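Participant: this one's structure only:
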(Lines give C-alpha, C1' and ligand atoms only; values in the text may rest on other atoms or scores of the structure.)
Protein backbone atom coordinates (compact mmCIF):
# COMPACT_ATOMS: atom_id res chain seq x y z
CA UNK A 1 0.00 0.00 0.00
CA UNK A 2 3.05 2.32 0.00
CA UNK A 3 2.28 3.59 -3.52
CA UNK A 4 -1.28 4.40 -2.39
CA UNK A 5 -0.14 6.70 0.46
CA UNK A 6 -0.71 10.25 -0.80
CA UNK A 7 0.61 12.00 2.31
CA UNK A 8 4.30 11.76 1.35
CA UNK A 9 6.47 12.19 -1.75
CA UNK A 10 6.21 14.46 -4.78
CA UNK A 11 2.64 15.48 -5.56
CA UNK A 12 2.58 15.50 -9.37
CA UNK A 13 3.91 11.96 -9.95
CA UNK A 14 1.62 10.47 -7.29
CA UNK A 15 -1.42 12.40 -8.50
CA UNK A 16 -0.79 11.47 -12.14
CA UNK A 17 -0.07 7.83 -11.24
CA UNK A 18 -3.40 7.64 -9.44
CA UNK A 19 -5.30 9.73 -12.00
CA UNK A 20 -4.28 7.80 -15.13
CA UNK A 21 -6.04 4.54 -14.19
CA UNK A 22 -9.08 6.61 -13.16
CA UNK A 23 -8.96 8.35 -16.55
CA UNK A 24 -8.67 5.08 -18.44
CA UNK A 25 -11.49 3.54 -16.41
CA UNK A 26 -13.71 6.56 -17.13
CA UNK A 27 -12.75 6.36 -20.80
CA UNK A 28 -13.80 2.74 -20.93
CA UNK A 29 -16.95 3.59 -18.97
CA UNK A 30 -17.76 6.28 -21.54
CA UNK A 31 -17.20 3.65 -24.23
CA UNK A 32 -20.24 1.79 -22.89
CA UNK A 33 -22.65 4.46 -24.07
CA UNK A 34 -20.48 5.50 -26.99
CA UNK A 35 -20.34 2.02 -28.46
CA UNK A 36 -24.11 1.72 -28.00
CA UNK A 37 -24.65 4.89 -30.00
CA UNK A 38 -21.91 4.09 -32.51
CA UNK A 39 -23.33 0.69 -33.41
CA UNK A 40 -26.94 1.89 -33.36
CA UNK A 41 -26.00 4.92 -35.47
CA UNK A 42 -24.38 2.71 -38.09
CA UNK A 43 -27.00 -0.05 -38.26
CA UNK A 44 -30.30 1.61 -37.21
CA UNK A 45 -32.48 4.68 -37.79
CA UNK A 46 -32.49 8.17 -36.28
CA UNK A 47 -35.38 7.01 -34.08
CA UNK A 48 -33.09 4.40 -32.48
CA UNK A 49 -30.32 6.98 -32.08
CA UNK A 50 -32.78 9.37 -30.42
CA UNK A 51 -33.97 6.58 -28.10
CA UNK A 52 -30.42 5.72 -27.01
CA UNK A 53 -29.68 9.44 -26.57
CA UNK A 54 -32.72 10.12 -24.37
CA UNK A 55 -32.70 6.79 -22.52
CA UNK A 56 -28.98 6.80 -21.78
CA UNK A 57 -29.21 10.37 -20.47
CA UNK A 58 -31.82 9.25 -17.93
CA UNK A 59 -29.79 6.19 -16.93
CA UNK A 60 -26.61 8.29 -16.75
CA UNK A 61 -28.34 10.82 -14.47
CA UNK A 62 -29.38 8.08 -12.05
CA UNK A 63 -25.96 6.41 -12.30
CA UNK A 64 -24.19 9.71 -11.60
CA UNK A 65 -26.37 10.04 -8.52
CA UNK A 66 -24.99 6.72 -7.27
CA UNK A 67 -21.43 7.65 -8.24
CA UNK A 68 -21.74 10.96 -6.39
CA UNK A 69 -23.21 9.37 -3.29
CA UNK A 70 -20.47 6.73 -3.33
CA UNK A 71 -18.03 9.64 -2.96
CA UNK A 72 -19.17 9.62 0.66
CA UNK A 73 -17.59 6.18 0.96
CA UNK A 74 -14.44 7.19 -0.96
CA UNK A 75 -13.80 10.32 1.13
CA UNK A 76 -14.70 8.75 4.50
CA UNK A 77 -12.55 5.66 3.87
CA UNK A 78 -9.70 7.78 2.49
CA UNK A 79 -9.66 9.91 5.63
CA UNK A 80 -9.59 6.86 7.92
CA UNK A 81 -6.70 5.43 5.90
CA UNK A 82 -4.92 8.81 6.22
CA UNK A 83 -5.55 8.75 9.98
CA UNK A 84 -4.22 5.13 10.16
CA UNK A 85 -7.52 3.78 11.53
CA UNK A 86 -8.27 0.67 9.41
CA UNK A 87 -10.88 -0.71 11.83
CA UNK A 88 -13.16 2.27 11.24
CA UNK A 89 -12.59 1.94 7.49
CA UNK A 90 -13.90 -1.64 7.70
CA UNK A 91 -17.07 -0.51 9.47
CA UNK A 92 -17.58 2.25 6.91
CA UNK A 93 -17.32 -0.18 4.02
CA UNK A 94 -19.66 -2.71 5.63
CA UNK A 95 -22.24 0.01 6.23
CA UNK A 96 -21.79 1.25 2.66
CA UNK A 97 -22.56 -2.21 1.28
CA UNK A 98 -25.86 -2.31 3.18
CA UNK A 99 -26.88 1.21 2.11
CA UNK A 100 -26.05 0.66 -1.56
CA UNK A 101 -27.89 -2.66 -1.70
CA UNK A 102 -31.06 -0.80 -0.68
CA UNK A 103 -30.39 2.03 -3.15
CA UNK A 104 -29.81 -0.44 -5.98
CA UNK A 105 -33.20 -2.08 -5.42
CA UNK A 106 -34.89 1.33 -5.22
CA UNK A 107 -33.35 2.60 -8.46
CA UNK A 108 -34.19 -0.64 -10.24
CA UNK A 109 -37.86 -0.17 -9.34
CA UNK A 110 -37.83 3.52 -10.37
CA UNK A 111 -36.16 3.03 -13.76
CA UNK A 112 -37.74 -0.26 -14.82
CA UNK A 113 -41.21 0.50 -13.47
CA UNK A 114 -41.28 4.16 -14.49
CA UNK A 115 -39.97 3.88 -18.05
CA UNK A 116 -43.14 5.25 -19.69
CA UNK A 117 -43.57 8.36 -17.50
CA UNK A 118 -39.82 9.04 -17.75
CA UNK A 119 -40.04 8.98 -21.57
CA UNK A 120 -43.06 11.31 -21.42
CA UNK A 121 -41.26 13.74 -19.11
CA UNK A 122 -38.29 13.76 -21.48
CA UNK A 123 -40.57 14.71 -24.37
CA UNK A 124 -39.25 11.75 -26.40
CA UNK A 125 -40.12 12.21 -30.11
CA UNK A 126 -43.19 10.24 -31.21
CA UNK A 127 -41.22 8.14 -33.71
CA UNK A 128 -38.81 7.07 -30.97
CA UNK A 129 -41.16 6.87 -27.97
CA UNK A 130 -41.69 3.09 -27.69
CA UNK A 131 -38.02 2.41 -28.43
CA UNK A 132 -37.00 4.85 -25.70
CA UNK A 133 -39.28 3.09 -23.20
CA UNK A 134 -37.72 -0.29 -24.02
CA UNK A 135 -34.18 1.09 -23.61
CA UNK A 136 -34.96 2.66 -20.21
CA UNK A 137 -36.76 -0.46 -18.98
CA UNK A 138 -33.96 -2.87 -19.88
CA UNK A 139 -31.19 -0.68 -18.43
CA UNK A 140 -33.31 -0.01 -15.35
CA UNK A 141 -33.72 -3.73 -14.69
CA UNK A 142 -29.95 -3.94 -14.32
CA UNK A 143 -29.54 -1.06 -11.89
CA UNK A 144 -28.64 -3.31 -8.96
CA UNK A 145 -25.63 -4.38 -11.01
CA UNK A 146 -24.67 -0.77 -11.83
CA UNK A 147 -24.93 0.06 -8.12
CA UNK A 148 -22.64 -2.78 -7.10
CA UNK A 149 -20.00 -1.76 -9.65
CA UNK A 150 -19.87 1.86 -8.52
CA UNK A 151 -19.67 0.96 -4.82
CA UNK A 152 -16.78 -1.46 -5.39
CA UNK A 153 -14.95 1.18 -7.43
CA UNK A 154 -15.40 3.76 -4.66
CA UNK A 155 -13.92 1.35 -2.08
CA UNK A 156 -10.81 0.72 -4.17
CA UNK A 157 -10.30 4.46 -4.85
CA UNK A 158 -10.76 5.24 -1.14
CA UNK A 159 -7.74 3.11 -0.27
CA UNK A 160 -5.74 4.71 -3.10
CA UNK A 161 -6.12 1.86 -5.63
CA UNK A 162 -7.32 3.12 -9.02
CA UNK A 163 -5.89 0.23 -11.05
CA UNK A 164 -8.30 -2.51 -9.96
CA UNK A 165 -11.45 -0.70 -11.17
CA UNK A 166 -9.63 -0.11 -14.46
CA UNK A 167 -8.99 -3.82 -14.96
CA UNK A 168 -12.62 -4.70 -14.22
CA UNK A 169 -14.14 -2.10 -16.49
CA UNK A 170 -11.66 -2.84 -19.29
CA UNK A 171 -12.72 -6.46 -19.52
CA UNK A 172 -16.38 -5.48 -19.20
CA UNK A 173 -16.03 -2.94 -22.02
CA UNK A 174 -14.82 -5.69 -24.33
CA UNK A 175 -17.94 -7.69 -23.45
CA UNK A 176 -20.12 -4.65 -24.15
CA UNK A 177 -18.64 -4.18 -27.62
CA UNK A 178 -19.15 -7.86 -28.42
CA UNK A 179 -22.73 -7.70 -27.11
CA UNK A 180 -23.56 -4.61 -29.18
CA UNK A 181 -22.27 -6.22 -32.34
CA UNK A 182 -24.22 -9.41 -31.61
CA UNK A 183 -27.56 -7.92 -30.51
CA UNK A 184 -27.64 -4.86 -32.81
CA UNK A 185 -25.60 -5.64 -35.91
CA UNK A 186 -26.34 -9.39 -36.16
CA UNK A 187 -29.70 -9.90 -34.41
CA UNK A 188 -31.06 -6.44 -35.38
CA UNK A 189 -32.54 -5.74 -31.92
CA UNK A 190 -31.92 -1.98 -32.24
CA UNK A 191 -31.74 0.20 -29.12
CA UNK A 192 -33.08 -2.64 -26.94
CA UNK A 193 -30.13 -4.79 -27.96
CA UNK A 194 -27.71 -2.02 -27.02
CA UNK A 195 -29.33 -1.74 -23.58
CA UNK A 196 -29.12 -5.51 -23.04
CA UNK A 197 -25.42 -5.54 -23.98
CA UNK A 198 -24.70 -2.73 -21.50
CA UNK A 199 -26.38 -4.49 -18.57
CA UNK A 200 -24.64 -7.79 -19.28
CA UNK A 201 -21.27 -6.02 -19.48
CA UNK A 202 -21.87 -4.34 -16.12
CA UNK A 203 -22.63 -7.74 -14.59
CA UNK A 204 -19.31 -9.07 -15.85
CA UNK A 205 -17.56 -6.03 -14.33
CA UNK A 206 -19.11 -6.68 -10.91
CA UNK A 207 -18.14 -10.36 -10.90
CA UNK A 208 -14.56 -9.51 -11.83
CA UNK A 209 -14.36 -6.85 -9.10
CA UNK A 210 -15.61 -9.31 -6.49
CA UNK A 211 -12.98 -11.87 -7.48
CA UNK A 212 -10.22 -9.24 -7.34
CA UNK A 213 -11.27 -7.82 -3.98
CA UNK A 214 -11.21 -11.31 -2.43
CA UNK A 215 -7.65 -11.86 -3.62
CA UNK A 216 -6.22 -8.41 -2.87
CA UNK A 217 -4.37 -7.54 0.34
CA UNK A 218 -6.17 -4.48 1.66
CA UNK A 219 -5.22 -2.10 4.53
CA UNK A 220 -8.26 -3.31 6.50
CA UNK A 221 -10.19 -6.51 7.24
CA UNK A 222 -13.77 -6.90 6.06
CA UNK A 223 -15.67 -9.53 8.06
CA UNK A 224 -19.31 -10.63 8.18
CA UNK A 225 -19.92 -8.67 11.38
CA UNK A 226 -19.02 -5.48 9.50
CA UNK A 227 -21.98 -5.98 7.13
CA UNK A 228 -24.48 -4.03 9.18
CA UNK A 229 -25.86 -0.51 9.40
CA UNK A 230 -23.54 1.21 11.85
CA UNK A 231 -25.22 4.48 12.84
CA UNK A 232 -22.00 6.49 13.14
CA UNK A 233 -20.61 5.22 9.84
CA UNK A 234 -23.92 5.74 8.05
CA UNK A 235 -23.99 9.30 9.38
CA UNK A 236 -20.52 9.98 7.94
CA UNK A 237 -21.43 8.52 4.54
CA UNK A 238 -24.70 10.46 4.32
CA UNK A 239 -23.14 13.68 5.63
CA UNK A 240 -20.44 13.60 2.95
CA UNK A 241 -22.27 11.87 0.12
CA UNK A 242 -25.77 13.37 0.26
CA UNK A 243 -24.87 16.97 -0.69
CA UNK A 244 -22.66 15.69 -3.54
CA UNK A 245 -25.38 13.33 -4.77
CA UNK A 246 -28.12 15.96 -4.52
CA UNK A 247 -25.99 18.44 -6.40
CA UNK A 248 -25.24 15.96 -9.20
CA UNK A 249 -28.89 14.89 -9.36
CA UNK A 250 -30.10 18.45 -9.80
CA UNK A 251 -27.34 19.22 -12.29
CA UNK A 252 -28.33 16.07 -14.17
CA UNK A 253 -31.96 17.19 -14.13
CA UNK A 254 -30.90 20.51 -15.67
CA UNK A 255 -29.23 18.64 -18.55
CA UNK A 256 -32.36 16.51 -18.94
CA UNK A 257 -34.34 19.74 -19.27
CA UNK A 258 -31.95 20.88 -22.00
CA UNK A 259 -32.45 17.58 -23.82
CA UNK A 260 -36.23 17.85 -23.44
CA UNK A 261 -36.05 21.33 -25.00
CA UNK A 262 -34.09 19.93 -27.95
CA UNK A 263 -36.40 16.90 -28.28
CA UNK A 264 -39.22 19.36 -28.96
CA UNK A 265 -37.35 20.59 -32.06
CA UNK A 266 -37.51 17.21 -33.83
CA UNK A 267 -36.02 13.72 -34.05
CA UNK A 268 -32.98 14.83 -36.12
CA UNK A 269 -32.04 17.55 -33.64
CA UNK A 270 -32.56 15.05 -30.81
CA UNK A 271 -30.26 12.57 -32.53
CA UNK A 272 -27.68 15.34 -33.12
CA UNK A 273 -27.56 16.36 -29.48
CA UNK A 274 -27.40 12.70 -28.48
CA UNK A 275 -24.31 12.32 -30.65
CA UNK A 276 -22.84 15.52 -29.19
CA UNK A 277 -23.37 14.28 -25.62
CA UNK A 278 -21.41 11.12 -26.38
CA UNK A 279 -18.55 13.20 -27.78
CA UNK A 280 -18.71 15.40 -24.66
CA UNK A 281 -18.30 12.34 -22.48
CA UNK A 282 -14.82 11.95 -24.00
CA UNK A 283 -13.64 15.55 -24.24
CA UNK A 284 -14.45 16.08 -20.54
CA UNK A 285 -12.66 12.96 -19.35
CA UNK A 286 -9.44 14.54 -18.06
CA UNK A 287 -11.07 17.18 -15.80
CA UNK A 288 -13.61 14.59 -14.61
CA UNK A 289 -10.79 12.15 -13.78
CA UNK A 290 -8.97 14.89 -11.87
CA UNK A 291 -12.15 15.61 -9.91
CA UNK A 292 -12.41 12.01 -8.68
CA UNK A 293 -8.66 11.73 -8.07
CA UNK A 294 -8.53 15.06 -6.27
CA UNK A 295 -11.21 13.93 -3.82
CA UNK A 296 -9.25 10.81 -2.80
CA UNK A 297 -5.87 12.63 -2.76
CA UNK A 298 -7.13 15.58 -0.72
CA UNK A 299 -9.13 13.35 1.67
CA UNK A 300 -6.01 11.43 2.74
CA UNK A 301 -3.98 14.61 3.28
CA UNK A 302 -6.87 16.32 5.07
CA UNK A 303 -7.21 13.31 7.37
CA UNK A 304 -3.45 13.34 7.99
CA UNK A 305 -3.47 17.05 8.92
CA UNK A 306 -1.65 18.27 5.78
CA UNK A 307 -3.86 21.08 4.37
CA UNK A 308 -1.05 22.85 2.47
CA UNK A 309 -0.24 19.66 0.57
CA UNK A 310 -3.92 19.35 -0.36
CA UNK A 311 -3.95 22.93 -1.72
CA UNK A 312 -0.80 22.29 -3.71
CA UNK A 313 -2.47 19.26 -5.27
CA UNK A 314 -5.34 21.51 -6.37
CA UNK A 315 -2.94 23.84 -8.20
CA UNK A 316 -1.21 20.91 -9.90
CA UNK A 317 -4.52 19.42 -11.02
CA UNK A 318 -5.78 22.69 -12.53
CA UNK A 319 -2.54 23.26 -14.44
CA UNK A 320 -2.40 19.81 -16.03
CA UNK A 321 -6.09 19.61 -16.91
CA UNK A 322 -6.09 23.13 -18.43
CA UNK A 323 -3.44 22.08 -20.94
CA UNK A 324 -5.66 19.23 -22.05
CA UNK A 325 -8.74 21.48 -22.07
CA UNK A 326 -7.09 23.91 -24.48
CA UNK A 327 -6.34 21.06 -26.90
CA UNK A 328 -9.91 19.75 -26.68
CA UNK A 329 -11.28 23.26 -27.30
CA UNK A 330 -9.38 23.58 -30.57
CA UNK A 331 -10.34 20.11 -31.80
CA UNK A 332 -14.02 20.32 -30.81
CA UNK A 333 -14.71 23.90 -31.93
CA UNK A 334 -13.02 23.71 -35.32
CA UNK A 335 -13.45 20.02 -36.29
CA UNK A 336 -16.30 18.75 -34.17
CA UNK A 337 -17.90 17.35 -37.33
CA UNK A 338 -15.15 14.73 -37.53
CA UNK A 339 -15.85 13.58 -33.99
CA UNK A 340 -19.63 13.58 -34.48
CA UNK A 341 -19.30 11.70 -37.77
CA UNK A 342 -17.96 8.69 -35.89
CA UNK A 343 -21.39 8.17 -34.30
CA UNK A 344 -23.80 8.93 -37.13
CA UNK A 345 -24.16 8.50 -40.90
CA UNK A 346 -26.83 11.24 -41.15
CA UNK A 347 -25.21 14.47 -42.48
CA UNK A 348 -27.78 16.75 -40.82
CA UNK A 349 -27.47 15.00 -37.46
CA UNK A 350 -23.69 15.44 -37.68
CA UNK A 351 -24.04 19.18 -38.42
CA UNK A 352 -26.51 19.60 -35.55
CA UNK A 353 -24.09 17.80 -33.22
CA UNK A 354 -21.20 20.04 -34.29
CA UNK A 355 -23.30 23.16 -33.73
CA UNK A 356 -24.05 22.02 -30.16
CA UNK A 357 -20.43 20.94 -29.58
CA UNK A 358 -19.07 24.42 -30.26
CA UNK A 359 -20.64 25.58 -27.00
CA UNK A 360 -19.13 22.62 -25.15
CA UNK A 361 -15.74 23.46 -26.64
CA UNK A 362 -15.84 26.72 -24.67
CA UNK A 363 -16.71 24.75 -21.54
CA UNK A 364 -13.55 22.66 -22.05
CA UNK A 365 -11.51 25.71 -21.06
CA UNK A 366 -13.54 26.20 -17.88
CA UNK A 367 -14.13 22.76 -16.40
CA UNK A 368 -10.45 22.28 -15.55
CA UNK A 369 -10.98 24.89 -12.82
CA UNK A 370 -14.47 23.86 -11.74
CA UNK A 371 -13.94 20.09 -11.57
CA UNK A 372 -10.65 20.35 -9.65
CA UNK A 373 -12.26 22.76 -7.18
CA UNK A 374 -15.19 20.37 -6.70
CA UNK A 375 -12.79 17.48 -6.05
CA UNK A 376 -10.87 19.60 -3.55
CA UNK A 377 -13.98 20.75 -1.67
CA UNK A 378 -15.30 17.17 -1.57
CA UNK A 379 -12.00 15.99 -0.08
CA UNK A 380 -12.11 18.58 2.72
CA UNK A 381 -15.79 17.76 3.40
CA UNK A 382 -17.21 21.08 2.16
CA UNK A 383 -19.89 19.12 0.34
CA UNK A 384 -22.70 21.49 1.33
CA UNK A 385 -21.01 24.22 -0.70
CA UNK A 386 -20.49 21.80 -3.60
CA UNK A 387 -24.22 21.17 -3.56
CA UNK A 388 -25.07 24.88 -3.34
CA UNK A 389 -22.86 25.98 -6.24
CA UNK A 390 -24.16 23.15 -8.41
CA UNK A 391 -27.80 24.05 -7.76
CA UNK A 392 -27.14 27.74 -8.43
CA UNK A 393 -25.41 26.95 -11.72
CA UNK A 394 -28.11 24.52 -12.85
CA UNK A 395 -31.33 26.28 -11.89
CA UNK A 396 -30.43 29.97 -11.81
CA UNK A 397 -28.20 29.98 -14.89
CA UNK A 398 -28.24 26.86 -17.13
CA UNK A 399 -31.99 26.22 -17.42
CA UNK A 400 -33.08 29.90 -17.70
CA UNK A 401 -30.39 30.62 -20.31
CA UNK A 402 -31.43 27.53 -22.33
CA UNK A 403 -35.08 28.62 -22.37
CA UNK A 404 -34.13 32.16 -23.38
CA UNK A 405 -31.85 30.93 -26.16
CA UNK A 406 -34.56 28.61 -27.46
CA UNK A 407 -36.95 31.54 -27.83
CA UNK A 408 -34.57 34.15 -29.23
CA UNK A 409 -32.08 31.94 -31.06
CA UNK A 410 -34.31 30.46 -33.75
CA UNK A 411 -33.61 26.88 -32.68
CA UNK A 412 -29.81 27.30 -32.78
CA UNK A 413 -28.26 24.38 -30.89
CA UNK A 414 -25.08 26.41 -30.36
CA UNK A 415 -27.00 29.13 -28.52
CA UNK A 416 -28.91 26.57 -26.44
CA UNK A 417 -25.62 24.85 -25.65
CA UNK A 418 -24.11 28.14 -24.39
CA UNK A 419 -26.20 27.67 -21.26
CA UNK A 420 -23.58 25.21 -20.02
CA UNK A 421 -20.43 27.42 -20.12
CA UNK A 422 -22.49 30.31 -18.73
CA UNK A 423 -23.32 28.28 -15.64
CA UNK A 424 -19.72 27.04 -15.33
CA UNK A 425 -18.40 30.63 -15.19
CA UNK A 426 -20.71 31.47 -12.30
CA UNK A 427 -19.78 28.28 -10.43
CA UNK A 428 -16.04 28.99 -10.82
CA UNK A 429 -16.51 32.48 -9.40
CA UNK A 430 -18.32 31.00 -6.38
CA UNK A 431 -15.49 28.46 -5.88
CA UNK A 432 -12.82 31.17 -5.92
CA UNK A 433 -14.77 33.26 -3.42
CA UNK A 434 -15.24 30.36 -0.96
CA UNK A 435 -11.60 29.26 -1.36
CA UNK A 436 -10.36 32.80 -0.67
CA UNK A 437 -12.63 33.22 2.36
CA UNK A 438 -11.51 29.86 3.76
CA UNK A 439 -7.85 30.81 3.29
CA UNK A 440 -8.36 34.11 5.09
CA UNK A 441 -10.06 32.41 8.02
CA UNK A 442 -7.28 29.84 8.20
CA UNK A 443 -4.59 32.53 8.38
CA UNK A 444 -6.50 34.37 11.11
CA UNK A 445 -6.84 31.17 13.15
CA UNK A 446 -3.11 30.44 12.73
CA UNK A 447 -2.27 34.00 13.85
CA UNK A 448 -4.04 33.46 17.14
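Facilitator: Everything's here; your move. Predicted, not measured: the structure shown is a model, and the values here were computed from it. Residues are numbered from 1 along each chain as shown.
Participant: how about the helices in the stretch 251-400 of the chain?
Facilitator: Assigned by DSSP state H, counting those that start in this stretch, the stretch 251-400 of the chain shows helices spanning 267-283, 285-303, 307-341, 347-379, 383-391, 399-408.
Participant: closest one to residue 16 among those?
Facilitator: Closest to residue 16 of those is helix 307-341 (CB to CB; 7.4 Å). To be clear about C-beta, it is placed using only N, CA and C from the backbone, and glycine gets the same treatment.
Participant: quick revisit: would you convert the helices of the stretch 251-400 of the chain into TSV that also reports mean neighbour count, mean pLDDT and distance to residue 62?
Facilitator: What follows is those, written out as TSV (neighbours: other CB atoms under 10 Å; pLDDT from 0 to 100; distance: least, CB to CB, whole Å):
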stretch	mean neighbour count	mean pLDDT	distance to residue 62
helix 267-283	26	81	16
helix 285-303	26	82	17
helix 307-341	18	89	26
helix 347-379	24	90	20
helix 383-391	21	86	17
helix 399-408	17	88	19
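Participant: With distance to residue 237 added, can I get these in JSON lines?
Facilitator: As requested, the helices of the stretch 251-400 of the chain are exported to JSON lines (distance: least, CB to CB, whole Å):
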{"stretch": "helix 267-283", "distance to residue 237": "27"}
{"stretch": "helix 285-303", "distance to residue 237": "13"}
{"stretch": "helix 307-341", "distance to residue 237": "21"}
{"stretch": "helix 347-379", "distance to residue 237": "13"}
{"stretch": "helix 383-391", "distance to residue 237": "11"}
{"stretch": "helix 399-408", "distance to residue 237": "30"}
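Participant: Show me where the stretch 1-150 of the chain dips below the pLDDT cut-off.
Facilitator: Low-confidence segments of the stretch 1-150 of the chain, defined by pLDDT under 70: 1-5, 32-33, 78-79, 81-83, 86-87.
Participant: same deal with the stretch 151-300 of the chain?
Facilitator: In the predicted model of the stretch 151-300 of the chain, residues 154-155, 157-162, 213-214, 216-227 satisfy pLDDT under 70.
Participant: mind listing the strands for it?
Facilitator: Using DSSP state E, counting those that start in this stretch, the stretch 151-300 of the chain contains no strands.
Participant: hang on, the earlier thing: which stretch among the helices of the stretch 251-400 of the chain comes nearest residue 215?
Facilitator: That would be helix 285-303 among the helices of the stretch 251-400 of the chain, by CB to CB, at 22.1 Å.
Participant: can you state the direction angle for that closest one and helix 347-379?
Facilitator: 10 degrees (axes from the mean of the first three to the mean of the last three CA atoms, to 10 degrees).
Participant: Helix 285-303 to helix 307-341, inter-axis angle?
Facilitator: Going by the same axes, to 10 degrees, helix 285-303 makes 160 degrees with helix 307-341.
Participant: Who are the packing partners of the helix or strand containing residue 430?
Facilitator: Assigned by DSSP states H and E, residue 430 belongs to helix 419-447. If you count contacts as 3 or more CB pairs under 8 Å, 6 or more residues apart in numbering; DSSP states H and E, helix 419-447 packs onto helix 231-263, helix 347-379, helix 383-391, helix 399-408.
Participant: would you list the ones you listed in a markdown table and tack on distance to residue 137?
Facilitator: A markdown table is the format used below for these (distance: least, CB to CB, whole Å):
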| stretch | distance to residue 137 |
| --- | --- |
| helix 231-263 | 18 |
| helix 347-379 | 25 |
| helix 383-391 | 29 |
| helix 399-408 | 27 |
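Participant: Which among those is found nearest to residue 204?
Facilitator: Smallest distance to residue 204 across the helices and strands packed on helix 419-447 (CB to CB): 25.8 Å, for helix 231-263.
Participant: burial count for residue 202?
Facilitator: 27 (other CB atoms under 10 Å).
Participant: nearest residue to it other than its sequence neighbours?
Facilitator: The shortest distance from residue 202 to any residue other than its chain neighbours is 4.6 Å, reached at residue 145 (CB to CB, 6 or more residues apart in numbering).
Participant: was I right about residue 63 contacting residue 146?
Facilitator: Yes. At 5.7 Å, residue 63 and residue 146 qualify as touching, with contact defined as CB atoms under 8 Å.
Participant: out of these two, which sits in the more crowded spot?
Facilitator: residue 146 (26 against 23).
Participant: any idea which helix or strand carries the more buried one?
Facilitator: Per DSSP H and E: residue 146 is located in helix 143-158.
Participant: what packs against that helix?
Facilitator: Under the contact criterion of 3+ CB pairs under 8 Å, 6+ apart, helix 143-158 touches helix 46-82, helix 86-113, helix 163-180, helix 190-215, helix 285-303.
Participant: Spatially central, which residue of the protein would that be?
Facilitator: Nearest residue to the geometric centre of the chain (CA atoms, centre = their mean): residue 64, 5.0 Å.
Participant: how near is the residue nearest to it when sequence neighbours are not counted to residue 29?
Facilitator: Leaving aside its chain neighbours, residue 64 sits nearest to residue 248 (5.0 Å; criterion: CB to CB, 6+ apart). For residue 248, the distance to residue 29 (CB to CB, to the nearest Å) stands at 15 Å.
Participant: repeat for residue 417
Facilitator: Distance of residue 417 to residue 29, computed by CB to CB: 23 Å.
Participant: More neighbours: those two, which one.
Facilitator: When residue 417 and residue 29 are compared for neighbours, residue 417 comes out ahead with 27 against 24, by other CB under 10 Å.
Participant: From what I see, the residue nearest to residue 64 and residue 394 are in contact.
Facilitator: No. Between residue 248 and residue 394 there is no contact under CB under 8 Å: 9.9 Å.
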